[in-house]
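**Student:** Generate coordinates for the sequence data below:
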Amino acid sequence: MLKLLLFAAIIAFFNYPSKTLAHEHVHGVQPLSKIDILSTTLALHKKASIKVSPALLGLKNEDTEWVTVELQSPHPSPDDWIGIFSPANFNASATCEEVGNTRVQQPFICTAPIKYQYANYSNSDYTKTGRSTLKFQLINQRADFSFALFSGGLSSPKLVALSNTISFANPKAPVYPRLALGETWDVMTVTWTSGYDIDEAVPFVEWGLPGAATMRSPAGTLTFTRNQMCAAPARTVGWRDPGFIHTSFLKDLWPNTVYSYRMGHILSNGSYIWSKMYKFKSAPFPGQSSLQRVVIFGDMGKAERDGSNEYADYQPGSLNTTDQLANDIDNIDAIFLIGDMPYANGYISQWDQYTAQVEPLASAVPFMVASGNHERDSPNSGSFYDTDDSGGECGVPAETIFYVPAKNRAKFWYSADYGMFHFCIADTEHDWRAGTEQYKFLEECLASANRHKQPWLIFAGHRPLGYSSNSWFGLEGSFEEPMGRDDLQKLWQKYKVDIAFWGHVHNYERVCPIYQNQCVNKEKSHYSGVVNGTIHVVAGGGGSHLSQFSTLKTVWSIYQDYDFGFTKLTAYNHSSLLFEYKKSSDGKVYDSFTISRDYKDVLACVHDGCEATTWAT
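**Tutor:** Down below sits the predicted model:
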């Protein structure tokens, strides 16, 4: 009966008006963009079948489960593929109006699948036998699922068979918590996703010291709609309802204290829906001297453990990075991901996949993010770069799904304190030059650092506004983002920024302490006393495809690595800082340096960074 209903739904497409989109939904770095779903034709075959089990998932409150897909085709081909759709009924006539199709008498599907896999992925004999068994990992995404067998490859899909529908026991359950630092040191924010709007259930966080009485903090609820997307595919084939995003503020925390927490919803009938139990350690008091460890990297990407959605090996390192950090999470106090998170590029379902991937990290330590080109850039949307790298998202999913302590989350610049660290996070997708709103903020952020209490001053942003030996920067001859350091280097020098971190370039590079293109310190592994300049680090090897270095050798480059990895800062006290670069493949240290100094060294006069003095008595 279910198959007949789905068949009838698809037949209804025949007379629906449509027009060709000229592949405007194709964005090469997103695997789902390779599927021309609007060109789908109907080719259901009585002898083709696809069956999925188990039918009901999450019976023990699991947020993710593996399912088995058994398929059979009378005419197997190497380019046959399985698409997973959610919601299961993918006859979305209303969404076709947004797509704007005017083709006549052509069945089509308006929404891309949430993931796909070739039918012969785990069975090389598929083309001979017409039978295959595949394993898929599904996450709870607020709706049911159906599986479809297509022939014709990704460019000319032909719908051959439809599966039974499967679902999670509670598809609306609260899932995938994301911790973030609040505007003050004694606040931790918890953001999560659910299927409950505020008229259905009241969201909150129950938290407290382990074994002690708990308290409850209310949560605000946000979402975003298709018409808040700026362009295709986010407005068209990539759109999927994001559910509801809740954020709660846990206040008046004791410093360096472990708390347990769980998300909850009170339904209208008085019953409760609970998440799993989690724990975190609160931030130290600003200036407090204790062991403090922060991980920083960019360009993470998203990958699937079931091997689905693979395209040109685009994001092979993201799971390695995730797993290395998860294995060492007890030795990490905070993570800063400086832009380019899932590379959803307008396929909204991928944000759920990404929050599920980073849950072991983001649920345990503050997971601070920055805006990258693949989150923000969209033509005529106010981004500094007039490109379509976000696939029409124009920053809306990123700024809704993740919390940052910015005054205006659409302007993704902010400051953050963690013990002896003071962070100034730039939004490189908005103008940063002198005279702009962001430049004024960045100077205020740097000037607000009390170097007596917070000696370690860190600047970070997505695009390299400092130095990078990347190949395309080498061709331009600037070894930076155009206009990048023209104005900002004055601030870095004046306020004696210790390290500036960048992503966007998918490799690792460490630069000498530098000012105005000149190394100002000859040391390479141990800096003591007055450093005189800022150390620049490109840490964009979080998981996305790697970037080549320029063949031109730069005099200021100390260490380069064409591999996936991340950096880690360890502050032992006010005078000792350890920097490490680790590969995602094995978690071992491949580059490091230390900084040792006293407070008087921070105050010392350096070129273009001297305080005014007078001989008056």
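
**Student:** Give me the pLDDT for Met1.
**Tutor:** Met1 carries a pLDDT value of 41.

**Student:** Ignore what I typed, I meant Gly195.
**Tutor:** At Gly195, the model reports a pLDDT of 98.

**Student:** Can you show me the helices along the stretch 51-200 of the chain?
**Tutor:** Applying DSSP state H, counting those that start in this stretch to the stretch 51-200 of the chain gives helices spanning 93-99, 126-129.

**Student:** and the ones you listed, which one is worst for confidence?
**Tutor:** helix 93-99 (a mean of 51).

**Student:** Now for the residue positioned nearest the centre of the chain: which residues touch it?
**Tutor:** Centroid check for the chain by CA atoms, centre = their mean gives Met341 as the closest residue, at 2.3 Å. With contact taken as CB atoms under 8 Å, 6 or more residues apart in numbering, Met341 is in contact with Met300, Lys302, Tyr354, Val369, Gly372, His374, Glu375, Ala398, Phe402. Heads up, the C-betas are built off the backbone N, CA and C, glycines and all.

**Student:** Helices - which of the residues you listed land there?
**Tutor:** Mapping the contacts of Met341 onto helices (DSSP state H) picks out Tyr354, His374, Glu375, Ala398.

**Student:** so what's the third one closest to, chain neighbours aside?
**Tutor:** So that's Glu375. Ala398 (4.0 Å; CB to CB, 6 or more residues apart in numbering).

**Student:** What is the burial count for that neighbour?
**Tutor:** 26 (other CB atoms under 10 Å).

**Student:** and the gap between it and Leu546?
**Tutor:** Distance, Ala398 to Leu546, using CB to CB, to the nearest Å: 23 Å.

**Student:** repeat for Phe150
**Tutor:** According to CB to CB, Phe150 and Leu546 sit 32 Å apart.

**Student:** How about Glu480?
**Tutor:** Glu480 sits 20 Å away from Leu546, taking CB to CB as the criterion.

**Student:** Kindly report the same for Asn256.
**Tutor:** Separation of Asn256 from Leu546 (CB to CB): 38 Å.

**Student:** With neighbour numbers in mind, choose between the two.
**Tutor:** Leu546 (19 against 16).

**Student:** Show the contacting residues for the more buried one.
**Tutor:** Leu546 makes contact with His506, Asn507, Tyr562, Asp563, Phe564, according to CB under 8 Å, 6+ apart.

**Student:** pLDDT wise, what is it at?
**Tutor:** The model's pLDDT for Leu546 equals 94.

**Student:** again with Gly211
**Tutor:** Gly211 is assigned 87 on the pLDDT scale.

**Student:** Make 50 the starting number, not 1.
**Tutor:** From this message on, residue numbering opens at 50, which makes the last subject Gly260.

**Student:** Could you give the number of residues near the closest residue to Pro136 other than its chain neighbours?
**Tutor:** Excluding the flanking residues, the one nearest Pro136 by CB to CB, 6+ apart is Ala192, at 4.1 Å. Neighbourhood size, Ala192 [other CB under 10 Å]: 20.

**Student:** Do I have it right that Ala192 meets Ser135?
**Tutor:** Yes. Contact criterion CB atoms under 8 Å: Ala192 and Ser135 qualify, at 4.8 Å.

**Student:** show me where the stretch 450-599 of the chain has helices.
**Tutor:** Assigned by DSSP H, counting those that start in this stretch, the helices in the stretch 450-599 of the chain fall at 486-496, 520-525, 534-543.

**Student:** An error on my part: the question was meant for the stretch 250-399 of the chain.
**Tutor:** So, for the stretch 250-399 of the chain - with DSSP H, counting those that start in this stretch - the helices run 367-376, 398-406.

**Student:** mind listing what's buried in the longest one?
**Tutor:** Neighbour-count burial for helix 367-376, counted by 16 or more other CB atoms under 10 Å, picks out Ser367, Leu368, Asn369, Thr370, Thr371, Gln373, Leu374.

**Student:** what do you get for stretch 493-500?
**Tutor:** In stretch 493-500, counting by 16+ other CB under 10 Å, buried: Cys494, Leu495, Ala498, Arg500.

**Student:** give me every residue that touches the residue nearest to the last one when sequence neighbours are not counted.
**Tutor:** The spatial neighbour of Arg500 that comes closest, neighbours along the chain excluded (CB to CB, 6+ apart), is Val651 at 4.6 Å. The neighbours of Val651, taking CB under 8 Å, 6+ apart as the test, are Arg500, Pro504, Lys545.

**Student:** Rebuild these as CSV, extending it with distance to Gln121 and pLDDT.
**Tutor:** Formatted as CSV, the contacts of Val651 follow (distance: CB to CB, whole Å; pLDDT from 0 to 100):
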residue, distance to Gln121, pLDDT
Arg500, 69, 97
Pro504, 66, 98
Lys545, 68, 97
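
**Student:** ok, those residues vs Pro333, which is closest?
**Tutor:** Pro504 (13.8 Å; CB to CB).

**Student:** For burial, what's the neighbour tally of the closest residue to Leu368 other than its chain neighbours?
**Tutor:** In this structure, Leu368 finds its nearest non-sequential neighbour in Ala352, 4.9 Å apart by CB to CB, 6+ apart. Residues near Ala352, counting by other CB under 10 Å, number 27.

**Student:** do Pro220 as well
**Tutor:** Applying other CB under 10 Å, I find that Pro220 has 20 neighbouring residues.

**Student:** about what we covered before: of all the contacts of Val651, which comes closest to Gln166?
**Tutor:** For the contacts of Val651, the nearest to Gln166 is Pro504 (50.8 Å; CB to CB).

**Student:** residues contacting the residue lying closest to the closest one once chain neighbours are set aside?
**Tutor:** Sequence neighbours aside, His623 is the residue nearest to Pro504 in space, at 5.1 Å (criterion: CB to CB, 6+ apart). Going by CB under 8 Å, 6+ apart, His623 touches Ser338, Met469, Pro504, Tyr648.

**Student:** Going by distance to Tyr170, which of these wins?
**Tutor:** Met469 (49.0 Å).

**Student:** from what I can see the closest one touches Leu340, true?
**Tutor:** No. Applying CB under 8 Å as the test, Met469 and Leu340 come out as separate, 10.2 Å apart.

**Student:** And these two? Which one has more around it.
**Tutor:** Under the criterion of other CB under 10 Å, the comparison of Met469 against Leu340 puts Met469 first, with 22 against 13.

**Student:** what's the distance between the closest residue to Asn581 other than its chain neighbours and Asp377?
**Tutor:** Nearest residue to Asn581 in three dimensions, chain neighbours excluded: Val569, at 4.0 Å (CB to CB, 6+ apart). Between Val569 and Asp377 the distance, using CB to CB, works out to 34 Å.

**Student:** With Ile99 as the reference, measure out to the spatially closest residue to Asp382 that is not a sequence neighbour.
**Tutor:** Sequence neighbours aside, Arg342 is the residue nearest to Asp382 in space, at 4.9 Å (criterion: CB to CB, 6+ apart). Separation of Arg342 from Ile99 (CB to CB) stands at 48 Å.

**Student:** neighbour-wise, which of those two wins?
**Tutor:** Applying other CB under 10 Å to Arg342 and Ile99 shows that Ile99 carries more neighbours, namely 22 against 18.
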